[in-house]
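Asks: just to be clear, the model below is a prediction. Sequence and coordinates:
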Amino acid sequence: MIKVVTIIGARPQIIKAAALSRAVRTKFAGQIKEVIVHTGQHYDKNMSKVFFDEMGIPEPDYNLGVGSGSHGSQTAFMLQKIEDVLITEKPAFVVLFGDTNSTLAGSVAAAKIHIPVVHIEAGLRSFNKSMPEEINRIVCDHTSTLLFTPTRAGLNNLIREGFKPHNKPPYTSDNPGVFHCGDVMYDNSLYFGDMAESKSDILDKLNLTSDGFVLATIHRDNNTDIPERLSAIFEALYRIATENEIDVVLPLHPRTAKMMKLNLNADLYKKIESSHHLMIVPPASFFDITTLEKNCKMVMTDSGGVQKEAYFFKKPVIILRPETEWVEIVESGAGKITDADTKKIIEAYNYFEGTGMPEFPPVFGDGKAAEFICGEIVKDS
Ligand code: UD1
């Protein structure tokens, strides 16, 4: 039996871990034993536990209880605690997802004590090192032994940084195995798409009709923490909602909730609060967000995961960032980058309203990425 320690911490990682955990339980039960470590980076029920419950992920074997903090203190706490777990568990591999501080801590802790790291969602780059996630991804990729890229762009980025896709086993962090396998989040969208809609009552609860609303999410620190940027985005959402009489549904990340109070001017805050069309709701569960994504007419987001899910469900997406790692979405015409620019956001809304449906070529794999990853773990152990 191959023991792997899976480290998760933030909401999107819990979602990605669901796909791997499902593949382990259904197809590799006799070969892989998974020990789940939750760093506690996200801890509110609606940022964490609800995803375990809905997606059938086993309870974590460890919860490190890190909570919130500055990058340095949060990462340092996790690094120390993860090292303790790894020394106790002695796994064959540590599995990490994406690019959060939990990913960074896991990669450094494991690599320093010579436990091979498996990085799922490897190779993504924004080419913007002011994003904490860009640093986290680069460190994790360069300490990994097995790297799994969700897109061709991810694979090409790794090759550009000197990774060799034709390395032969045995793989090590100096001779890493690089595999292009598709996106585990796409696995989830196929598996959970219909189930989510049948289990969620969010459309009724919010009195929404299919194709009759826009879904928005905002949580990136460079949007929430910079008053001009946060105001520009909210001004656009308010104007789109009001001028088009369209409901804009915004499930609110706790960071954004806090920063709106600090960073929006009183007038804008009052307009938003009194708007009937700008609907601010608590963070959505996985079934609810999936249902919203499947039924909206358009998505506006600064989240990487929500950009992709919009694409999986064939919805145009307005990207509230200066760039994206998911370049295929923009290249296909299904996504427009507007940054936090009120005018550009409104123009992009009008553009997608005025044109027909964009194309959504299949660029995220075949829905079996997690099984492929488990297969490689078994082969390479
Ligand atoms: C983190 C990830 C980001 C990912 C996002 C998904 C890093 C550097 N960033 O950003 O890549 O896209 O998760 O949501 O790891 N908070 C709560 N309750 C919670 C969690 C957070 O109130 O359960 C609040 C706290 O005020 C906290 C703030 O949100 O300080 C930010 O949380 P944090 O985990 O530091 O970063 P995210 O913005 O969530």
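Replies: Ah, there it is. Bear in mind the structure is a predicted one, so any value in this text is a computation, not a measurement.

Asks: from here on, just use CA atoms for contacts and neighbour counts.
Replies: Fine.

Asks: I'd say Pro229 and His219 touch.
Replies: Quick fix: residue 229 reads Arg, not Pro. No - using C-alpha atoms under 8 Å, Arg229 is not in contact with His219; the gap is 11.9 Å.

Asks: skipping its backbone neighbours, what lies nearest the closest residue to the ligand within the stretch 201-350 of the chain in space?
Replies: As assessed by C-alpha to the nearest ligand atom, the ligand sits closest to Arg255 within the stretch 201-350 of the chain, at 4.0 Å. Spatial nearest neighbour of Arg255, excluding adjacent residues (C-alpha to C-alpha, 6 or more residues apart in numbering): His219 at 6.6 Å.

Asks: for Ser48, see how far away that neighbour is.
Replies: Distance, His219 to Ser48, by C-alpha to C-alpha, to the nearest Å: 16 Å.

Asks: between these two, which one's more packed in?
Replies: Taking other C-alpha atoms under 10 Å, His219 and Ser48 do not tie; Ser48 has more neighbours (22 against 19).

Asks: so that one sits against His42, correct?
Replies: Yes - Ser48 sits in contact with His42 when judged by C-alpha under 8 Å, with a separation of 6.1 Å.

Asks: list residues touching both of those two?
Replies: 10-11 (C-alpha atoms under 8 Å, 6 or more residues apart in numbering).

Asks: tell me the secondary structure at Gly40.
Replies: coil (DSSP: H, G, I helix; E, B strand; the rest coil).

Asks: give me every residue that touches it.
Replies: 9-10, 63-67.

Asks: tell me, how many residues neighbour Met185?
Replies: Applying other C-alpha under 10 Å, I find that Met185 has 27 neighbouring residues.

Asks: where does Val249 fall, phi/psi-wise?
Replies: Per-residue torsions, Val249: phi -100, psi 130 (degrees, to the nearest 10).

Asks: tell me the bridge partners for it.
Replies: Leu215, Met279 (DSSP bridges).

Asks: in contact with the residue in the stretch 101-250 of the chain positioned nearest to the ligand: list those residues for me.
Replies: Going by C-alpha to the nearest ligand atom, the ligand is nearest to Asn101 of the stretch 101-250 of the chain, at 3.9 Å. For Asn101, the contact set (C-alpha under 8 Å, 6+ apart) comprises 71, 74-75, 133, 136.

Asks: ok, 6 Å please
Replies: Thr75 (C-alpha atoms under 6 Å, 6 or more residues apart in numbering).

Asks: flag every residue of the stretch 101-250 of the chain that's near the ligand.
Replies: 101, 132-133, 219-220 (C-alpha under 6 Å from any ligand atom).

Asks: same check, this time on the stretch 251-381 of the chain
Replies: So the stretch 251-381 of the chain meets the ligand at 254-255 (C-alpha under 6 Å from any ligand atom).

Asks: what about the residue of the stretch 201-350 of the chain closest to the ligand, helix or strand, and which?
Replies: Assigned by DSSP states H and E, Arg255 falls within helix 254-263.

Asks: ok, back up a step: quick one, phi psi at the residue of the stretch 101-250 of the chain closest to the ligand?
Replies: phi -60, psi -30.

Asks: alpha carbons of the helix or strand of the chain with the lowest mean pLDDT, as CSV, please.
Replies: Each helix and strand of the chain was given a mean pLDDT (mean pLDDT, DSSP states H and E); the minimum falls on helix 266-274 at a mean of 94. Output of helix 266-274 as CSV, limited to C-alpha atoms (Å, rounded to 0.1, in the frame of the first residue of the first chain):
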residue,chain,number,x,y,z
ALA,A,266,-20.0,55.9,2.0
ASP,A,267,-22.0,56.8,-1.2
LEU,A,268,-21.1,53.7,-3.1
TYR,A,269,-21.7,51.5,-0.1
LYS,A,270,-25.1,53.0,0.4
LYS,A,271,-26.0,52.6,-3.3
ILE,A,272,-24.9,48.9,-3.1
GLU,A,273,-26.8,48.2,0.1
SER,A,274,-30.0,49.7,-1.3
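
Asks: would CSV of the residues of the stretch 101-250 of the chain next to the ligand with secondary structure be doable?
Replies: What follows is these, written out as CSV (three-state DSSP):
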residue, secondary structure
Asn101, helix
Pro132, helix
Glu133, helix
His219, coil
Arg220, coil
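
Asks: widest-spaced pair of these?
Replies: With C-alpha to C-alpha as the measure, no two of those lie farther apart than Asn101 and His219, at 15.3 Å.

Asks: ok, back up a step: quick check, nearest of the contacts of Gly40 to the ligand?
Replies: Nearest to the ligand among the contacts of Gly40, with distances taken as C-alpha to the nearest ligand atom, is Ala10, at 5.0 Å.

Asks: any chance you could map the strands in the stretch 151-300 of the chain?
Replies: Secondary structure of the stretch 151-300 of the chain by DSSP state E, counting those that start in this stretch: the strands cover 177-180, 213-217, 247-251, 278-281, 298-301.

Asks: which strands or helices does the fourth one pack on?
Replies: I take that to be strand 278-281. Counting contacts by 3 or more C-alpha pairs under 6 Å, 6 or more residues apart in numbering; DSSP states H and E, strand 278-281 is packed against strand 247-251.
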